[in-house]
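K.L.:
next comes the sequence, and after it the predicted model I'd like to discuss.
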Amino acid sequence: MDILTGDEGELTKLKISVCEDTNPFKPKTGEDFVYEALINPEEIKKSFRIVYNKTQANGTTGADLKFVKQIPGSLNLELLFDGTGVLANDRTFGSNILGAAEVESVTKQIERFKKVVYDFDSKKHAPNFLQIQWGDYIFNGKLSNISITYNLFKPDGKPLRAKASCEFIASINDDLRVAKERKNSPDLTHVRIIKDGDTLPLMAHKIYGDSSYYLEIARVNRLINFRNLKAGEKIFFPPIKKSTNE
């Protein structure tokens, strides 16, 4: 399946949701807690970093690197905000070419976006935990950096178009992190009954916190057509093994 579309080829918008819990990440619903991209980003960039002890004796030509830690991964993307009336916050490009739909200003679009990804949670005394979903791709974490560039204006100076360059840092619940590091934790053995609307990547994400395990789950359960799960069937989610994470 193309990441830009759903199973039937319909347009799937990138969505950023505030999470009320992180074990597992549980997205909230409602317009105050969800931001849906006006236009999907042209690309997303994932970065990973490993830290080693590079201590090297004087006069030597190399070092025996010692593993220290893995830095949480990051996700970089750009999002567009448009108040020209050409898009009108609709799903189809050019849907408001005749100006029939009401246009939300760029300023209000950015305010909604910042309320989800940037605003301070007074109860947790920290920015929101977020879940970014685009099709079967899921990323959990927090906003690290945001830079907004305004590049089109009305004669009176009000912005008509802007883009936000965002960096998000991955976050994982401590219990899940420890279980992953043990690789064979019995805490991660589960049996689930398939419900309408379930997909294997989303189910794998709910169990392990990582949707990339779905192919291993399909192999373990001998699923031939794992894209069309049948409601009522049982799926076995075994302990995470090293081979599933490499």
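P.N.:
That came through fine. Source: prediction; values computed, not measured.

K.L.:
which stretches of this structure form strands?
P.N.:
Counting by DSSP state E, one finds strands in the chain at the ranges 15-22, 25-27, 34-36, 44-53, 66-82, 120-121, 126-127, 130-134, 137-153, 159-170, 190-193, 234-237.

K.L.:
pull the residues that contact the second one.
P.N.:
Contacts of strand 25-27 with the rest of the structure, by Cβ atoms under 8 Å, 6 or more residues apart in numbering, involve 17, 18, 19, 20, 33, 34, 129, 131, 133, 140, 173, 209. Heads up, the C-betas are built off the backbone N, CA and C, glycines and all.

K.L.:
at 6 Å what do you get?
P.N.:
The contact list for strand 25-27 (Cβ atoms under 6 Å, 6 or more residues apart in numbering) reads 17, 19, 20, 131, 140.

K.L.:
ditto for stretch 192-202
P.N.:
So stretch 192-202 is in contact with 136, 211, 214, 217, 226, 229, 231, 233, 234, 235, going by Cβ under 6 Å, 6+ apart.

K.L.:
the last one - nearest residue in space that isn't next to it in sequence?
P.N.:
Nearest residue to residue 235 in three dimensions, chain neighbours excluded: residue 192, at 5.1 Å (Cβ to Cβ, 6 or more residues apart in numbering).

K.L.:
tell me how many other residues surround that neighbour.
P.N.:
14 (other Cβ atoms under 10 Å).

K.L.:
and the pLDDT at it?
P.N.:
Looking at residue 192, its pLDDT is 82.

K.L.:
got the CA coordinates for stretch 103-114 in PDB?
P.N.:
Extracted in PDB, the C-alpha atoms of stretch 103-114 (Å, rounded to 0.1, in the frame of the first residue of the first chain):
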ATOM      1  CA  VAL A 103     -11.500  30.000   4.200                       C
ATOM      2  CA  GLU A 104      -9.700  29.700   7.600                       C
ATOM      3  CA  SER A 105      -7.000  32.200   8.000                       C
ATOM      4  CA  VAL A 106      -3.300  31.200   8.100                       C
ATOM      5  CA  THR A 107      -3.100  32.700  11.600                       C
ATOM      6  CA  LYS A 108      -5.900  30.500  12.900                       C
ATOM      7  CA  GLN A 109      -4.500  27.400  11.200                       C
ATOM      8  CA  ILE A 110      -1.200  27.900  12.900                       C
ATOM      9  CA  GLU A 111      -2.900  28.600  16.200                       C
ATOM     10  CA  ARG A 112      -4.700  25.200  16.000                       C
ATOM     11  CA  PHE A 113      -1.500  23.500  15.000                       C
ATOM     12  CA  LYS A 114       0.500  25.000  17.900                       C
END
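
K.L.:
quick check: domain ranges of the chain?
P.N.:
Following automatic domain parsing, one gets these domains for the chain: 15-171, 179-245.

K.L.:
which one of those has the lowest average pLDDT?
P.N.:
Here the domains of the chain differ in mean pLDDT, and the lowest is domain 179-245 at a mean of 75.

K.L.:
out of the contacts of strand 25-27, what pair is the most spread apart?
P.N.:
Across these, no pair lies farther apart than 20 and 140, at 12.9 Å, counting by Cβ to Cβ.

K.L.:
what about these two, which has more around it?
P.N.:
With neighbours defined as other Cβ under 10 Å, residue 20 and residue 140 compare such that residue 140 has more, 23 against 13.
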